[in-house]
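>>> give me a model of this one.
(4 chains)
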Protein chains: 2
Amino acid sequence: MKWIESSMVEKVNQQSKAPRTYGQFCALARSLDVVGDRWVLLIVRELLPGPMRYSDLKSSLAGIATNLLASRLRDMEANGIVERRLEESGVVYGLTDWGAALREPMEALGRWGTPLLATGRGDDSFQPRWLTLALPALLQGVAVAPAVEVGIEVDGFLMVLRVDEEGPQAFVRPDQRPRTVLAAAPDVVVALAAGGITVDQALAAGTLEGDGRALRRVFADGR
Amino acid sequence: MKWIESSMVEKVNQQSKAPRTYGQFCALARSLDVVGDRWVLLIVRELLPGPMRYSDLKSSLAGIATNLLASRLRDMEANGIVERRLEESGVVYGLTDWGAALREPMEALGRWGTPLLATGRGDDSFQPRWLTLALPALLQGVAVAPAVEVGIEVDGFLMVLRVDEEGPQAFVRPDQRPRTVLAAAPDVVVALAAGGITVDQALAAGTLEGDGRALRRVFADGR
DNA sequence: CCGCATCCTCATGGATACTG
DNA sequence: CAGTATCCATGAGGATGCGG
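Numbering: from 1, shown residues only, chains lettered A, B, ... in the order given. Now for the predicted structure:
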C-alpha cells in the first residue's frame, strides 16, 4: 500500500482540526461557538443594512487583517449565517435569515454597552451606517402614531429613521429625502437617542433642516 | 437607560495594560471590547444566579485554564462587571449591577442559538444552573395570572420557575419545595421550554411529582 | 484544600507581501 | 478586486508549583 503524500496529510489535518468549542450543552455557549470569535459580530453588523463586497467590508472594518476577514467569511458561511452570492456587480456577502436574526441580541448588547460611548469618539473609527443598528436599539419601546420619518445625516451619509406604532426602524438609501433632516456629529446623534441630551440641545449642537416637531415626537414624546 | 455613569467609565479607562480594542465608536464594538474575550460571558452566566468562589467557577467551567480564569476575573473586575468580595466563607466573585444587566443580551443570544441545541447533548458538559438563564429566556413574553411556580429538577439540582403577569423568573435555593416538580433530563427540559415538545410528551419522557396542570399553564396556556 | 502564579507549547490573531 | 501566503506577536490550554 502506498503511503499518502505529505500534502494530503496536511490537508487532512487541516480539515479534521477540530474547531475550538466550549463543549457545553448550553445555548449561550453554542452561540458563542458560532459568533464568539473576534470580528464576527462586527461583520454581521456591517451586513445588517444589506449585502456588501469584500473590499467594502475590509475598508469599513479598519484594522482587520485581510486573511482574517477571508477566514471569518468562510467560517460564517459554513455556519450558515452569511451567504456568498455572485451577482452582476461581483461577489457580495449577505446575511442569511438566521444571521439577520442576530439583530436582536446585538441590539441588546449595544444597549448594554451604550454607557461606554460616554468617553466620546476620540480617534476611534466610525461608520454612519452603524447608526442604523444603534438608533432603533436605543429607541426600543418607542411607538408613535401616525408614523414619523426623520432623516439623520452624519458625515454626509443619509439614513432614515422611521417610527410607527410598531416601533422604530432605520433604513439606508431612502426613496426620497425626508422633510426633516438632522445633520449632526455621531456623538450628538447617539446622545440624543440615548436620552443623554434633549432635542433642543441636539438642535443647538447640530444643524436641522425642516422643523423639529418630528424629532420631538420621536425623541421626546415617544418616551 | 442611564446615560453617563462616570464611575464605571473611569474604571473601564483605567485598565493597566493596553487591551486589544476594536477602536470603533460603536456601542456594540465597545461592548465586545469588554465582554468579547473568550470565557467572559460564560463566567457571567455562572455568576448570574449568585456569587461563586474561584474553585467552584473553575469546576463549573470545564476546560478553562486556571491562569485564564484568574486573568479574566481581574479584567472583569477592572471593567466593573464583577466584584471580588471577602466573606466569612472566603473569597467570592459576584456581579455588579452593570454586570447583571448582561442578562438581557445573553438571553437574546441564547434564544438565537437555541436551534444549535437540536444536535443533542453528546458528551458536552452541563450544569443545571444554566437552565436558570435558559428557561426565562425561552419563555419570554409568557405571562399568567395568578402566578405559577413549578420546580425543575435536573441531575438532582432543584430550581424554581415562577411565572406571573410580569413574566418568567427562575431561582435556585427555593424557600420551600414547590408542589409540582418536574424531574427530567436537560434536553427534555430545553425542548419543552423551546416548544419542541408538548407537556404531555415531556411528562412521558420525564418524571413528575405533583400534577401537570401547573406545567401546562406555563408551557402551553402561556403561549 | 483554596486561590492563584509560573512555565511551556501550540493555536489564533495581526501585519505585510504577493497573486490570479 | 478578492483574496493567498508568510511571518511574527499574542493568547489559550495544560501541567505544575506554592504560599496561606
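>>> contacts only, for residue A:178.
A:149, A:150, A:151, A:160, A:210 (C-beta atoms under 8 Å, 6 or more residues apart in numbering or on different chains). Quick note: C-beta positions are derived from backbone N, CA and C, even for glycine.
>>> likewise residue A:136?
Residues counted as contacts of residue A:136 (C-beta under 8 Å, 6+ apart) are A:107, A:161, A:167, A:168, A:169, A:170.
>>> which of those residues has the largest number of neighbours?
Comparing the contacts of residue A:136 by number of neighbours (other C-beta atoms under 10 Å in any protein chain shown), residue A:161 comes first, having 26 neighbours.
>>> residues contacting whichever helix or strand that residue is part of, please?
Secondary structure assignment for residue A:161, by DSSP states H and E: strand A:157-164. Strand A:157-164 has contacts (C-beta under 8 Å, 6+ apart) with A:128-129, A:131-132, A:135-136, A:139, A:142-153, A:168-172, A:174, A:177-178, A:181, A:217-218, A:222.
>>> how about it: buried residues?
Under the neighbour-count criterion of 16 or more other C-beta atoms under 10 Å in any protein chain shown, strand A:157-164 has A:158, A:159, A:160, A:161, A:162, A:163 buried.
>>> so stretch A:81-99, near DNA strand C or not?
No - Stretch A:81-99 lies apart from DNA strand C when judged by C-beta under 7 Å from any atom of the strand; the minimum separation is 10.4 Å.
>>> so which residue is dead centre in chain A?
residue A:45 (2.7 Å; C-alpha atoms, centre = their mean).
>>> wait, isn't it in contact with residue A:133?
Yes - with contact defined as C-beta atoms under 8 Å, residue A:45 reaches residue A:133; the gap is 5.8 Å.
>>> common neighbours of these two, please.
Joint contacts of residue A:45 and residue A:133 (C-beta under 8 Å, 6+ apart) are A:106, B:28.
>>> helix or strand for the residue nearest to residue A:116 when sequence neighbours are not counted, which one?
Distance criterion C-beta to C-beta, 6 or more residues apart in numbering or on different chains; nearest residue to residue A:116, sequence neighbours excluded, is residue B:30 at 3.9 Å. Assigned by DSSP H and E, residue B:30 belongs to helix B:27-35.
>>> residue A:197 now?
Per DSSP H and E: residue A:197 is located in neither a helix nor a strand.
>>> circling back: farthest-separated two in the contacts of residue A:136?
Comparing every pair within those by C-beta to C-beta identifies A:107 and A:161 as the most remote, at 14.3 Å.
>>> now stretch A:185-201 - C-alpha only, PDB.
The C-alpha trace of stretch A:185-201 is given here as PDB (Å, rounded to 0.1, in the frame of the first residue of the first chain):
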ATOM      1  CA  ALA A 185     -21.900  64.600  14.600                       C
ATOM      2  CA  PRO A 186     -22.000  60.900  15.600                       C
ATOM      3  CA  ASP A 187     -21.800  61.600  19.400                       C
ATOM      4  CA  VAL A 188     -24.600  64.100  19.200                       C
ATOM      5  CA  VAL A 189     -26.900  61.700  17.500                       C
ATOM      6  CA  VAL A 190     -26.000  58.900  19.900                       C
ATOM      7  CA  ALA A 191     -26.500  61.100  23.000                       C
ATOM      8  CA  LEU A 192     -29.900  62.200  21.600                       C
ATOM      9  CA  ALA A 193     -31.000  58.700  21.100                       C
ATOM     10  CA  ALA A 194     -29.700  57.600  24.400                       C
ATOM     11  CA  GLY A 195     -31.600  60.300  26.200                       C
ATOM     12  CA  GLY A 196     -28.500  62.000  27.400                       C
ATOM     13  CA  ILE A 197     -29.400  65.300  25.800                       C
ATOM     14  CA  THR A 198     -32.700  66.900  24.800                       C
ATOM     15  CA  VAL A 199     -33.900  67.600  21.300                       C
ATOM     16  CA  ASP A 200     -33.300  71.300  21.900                       C
ATOM     17  CA  GLN A 201     -29.700  70.700  23.000                       C
END
